[in-house]
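> Sequence plus the predicted model coming up.
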Amino acid sequence: MSWHTRHLELDWLRALVTIVDCGGFSAAAEQLGRSQSAISLQIKRLEDTVGQPVLRRSQGRVDGPTSEGRVLLDYARRMLRLNDEAWACFAQPQMAGRLRLGLPEELMEQVFAPVQAAFARLYPRVSLSVRCDLSVRLAALAEAGELDLALAKRVGEQPASLSGEAWRVLRREPLHWFDAEGSNARDGRPLPLAVFHEGCVFRGAALSALHDAGLSGEVRFVGSSIGAMRHAVLAGLALAPLPASLATPGMRSANDSLPPLPACELVARYGVGEPHPAAERLWGLFAEQLGKGM
């Protein structure tokens, strides 16, 4: 193939990004509305074109991008973003109104700023109305049609309101017991706990894990923000069940000495009825930001 005819199909790149973000071919195929075999063919053509494998495979499963795949992934995200911005600019230049978004508080800290900036460039006449709340409440609001897009957390099988087909996985990561470096909180009996308010999926998972292991926990701190939870842990007051991505310097995992916790998933769904086109693009922007660094 001569150099001037080489090009990377955007559909191939979108398949790569979606596979990495969703964690596998089947989930990516479902999100893209394609068959798994079609997605596999796109990746094969992509790998044939670049002459390198872009995904690591282990026992038939995707184990993340290869080193070459990570380089290509960065280009793919930028190319897709430019393509989607151009499409939105010409396809729906007059879109206006309000889009109602619900999300966990920690996403405001982690990824909301770049997502909001990109969304404002795409849809300058669409205003975002944002609500941060417990996942069970966000699920209820989405089901009631009071949110156009909801992002929420689930751990294991709970809560049941987040297990329907409307919800799709954006990110999956380990849930850890965290205490402070130099703290002996992990040795306390009952185990001193720092948790969010009743209804939080992390709180429910932690208490269930202790119960199943025949251990008891004592709530020493109840907070409503990630910052407050971190301070309680770093002060040595208690342990907190949190996703690995929320740890900060001075916090250490206590998973090696306490009952195992299930993985935490960040899931998303549209409100009831036909998805708002701006909500579809906002979903994609969150997926892009959450996938960075994988």
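Looks like it came in fine.
> can you pull out the helices in the stretch 51-200 of the chain?
Assigned by DSSP state H, counting those that start in this stretch, the stretch 51-200 of the chain shows helices spanning 67-91, 105-110, 112-122, 135-143.
> With mean neighbour count as added columns, please give the ones you listed in TSV.
Heads up, the C-betas are built off the backbone N, CA and C, glycines and all. Formatted as TSV, the helices of the stretch 51-200 of the chain follow (neighbours: other Cβ atoms under 10 Å):
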stretch	mean neighbour count
helix 67-91	15
helix 105-110	17
helix 112-122	16
helix 135-143	21
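> Indicate which one of these is closest to residue 243.
helix 105-110 (8.1 Å; Cβ to Cβ).
> weakest of the helices of the stretch 51-200 of the chain in terms of mean pLDDT?
Mean pLDDT per stretch puts helix 67-91 lowest among the helices of the stretch 51-200 of the chain, at a mean of 83.
> got a list of what residue 75 touches?
Residues counted as contacts of residue 75 (Cβ atoms under 8 Å, 6 or more residues apart in numbering) are residue 13.
> Let's verify residue 236: helix, strand, or coil?
The three-state label for residue 236, taken from DSSP: H, G, I helix; E, B strand; the rest coil, comes out as coil.
> Figure out which of the helices of the stretch 51-200 of the chain is closest to residue 196.
Residue 196 lies closest, by Cβ to Cβ, to one member of those: helix 105-110, at 9.3 Å.
> Mind giving me the packing neighbours of the closest one?
Secondary-structure packing of helix 105-110 (3 or more Cβ pairs under 8 Å, 6 or more residues apart in numbering; DSSP states H and E): strand 126-132, helix 226-234.
> Residue 52: what's its closest spatial neighbour, skipping adjacent residues?
Closest residue in space to residue 52, ignoring its immediate chain neighbours: residue 68 at 4.2 Å, by Cβ to Cβ, 6 or more residues apart in numbering.
> Tabulate the helices of the stretch 51-200 of the chain (JSON lines), appending distance to residue 58.
Rendered in JSON lines, the data for the helices of the stretch 51-200 of the chain read as follows (distance: least, Cβ to Cβ, whole Å):
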{"stretch": "helix 67-91", "distance to residue 58": "14"}
{"stretch": "helix 105-110", "distance to residue 58": "28"}
{"stretch": "helix 112-122", "distance to residue 58": "31"}
{"stretch": "helix 135-143", "distance to residue 58": "31"}
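> so which of those helices gets nearest residue 257?
The nearest among the helices of the stretch 51-200 of the chain, by Cβ to Cβ, is helix 105-110 at 25.3 Å.
> now what about that closest one, what contacts it?
For helix 105-110, the surrounding residues in contact (Cβ under 8 Å, 6+ apart) are 130, 132, 151, 225-226, 245-246, 266, 286.
> swap the cut-off to 6 Å and go again
Under the contact criterion Cβ atoms under 6 Å, 6 or more residues apart in numbering, helix 105-110 has outside partners 132, 226, 246.
> Any idea how far it is from the middle of the chain?
From the chain centre to the centre of helix 105-110 is a distance of 11 Å (Cα atoms, centre = their mean, to the nearest Å).
> tell me the average confidence for stretch 177-185?
95.
> any residues touching that stretch, and which ones?
Applying Cβ under 6 Å, 6+ apart, the contact partners of stretch 177-185 are 186, 192, 233-234, 236, 238-242, 247, 250-252, 254-255, 258.
> Just the ones in strands from those residues, please.
In this view, those that belong to strands under DSSP state E are 192, 240-242, 251-252.
> Out of those residues, flag the one nearest to residue 170.
Comparing these against residue 170 with Cβ to Cβ places residue 242 closest, at 17.8 Å.
> tell me the contacts of that closest one?
Here residue 242 is in contact with residue 178 (criterion: Cβ under 6 Å, 6+ apart).
> Could you check how far it is from residue 149?
24 Å (Cβ to Cβ, to the nearest Å).
> from the middle of its chain, how far away would the worst-scoring helix or strand of the chain on mean pLDDT be?
Sorting the helices and strands of the chain by mean pLDDT, DSSP states H and E puts helix 67-91 at the bottom, at a mean of 83. In this view, helix 67-91 has its centroid 19 Å away from the chain centroid, taken as Cα atoms, centre = their mean.
> shift numbering so it begins at 45
Okay, using 45 as the starting number, the last item reads as helix 111-135.
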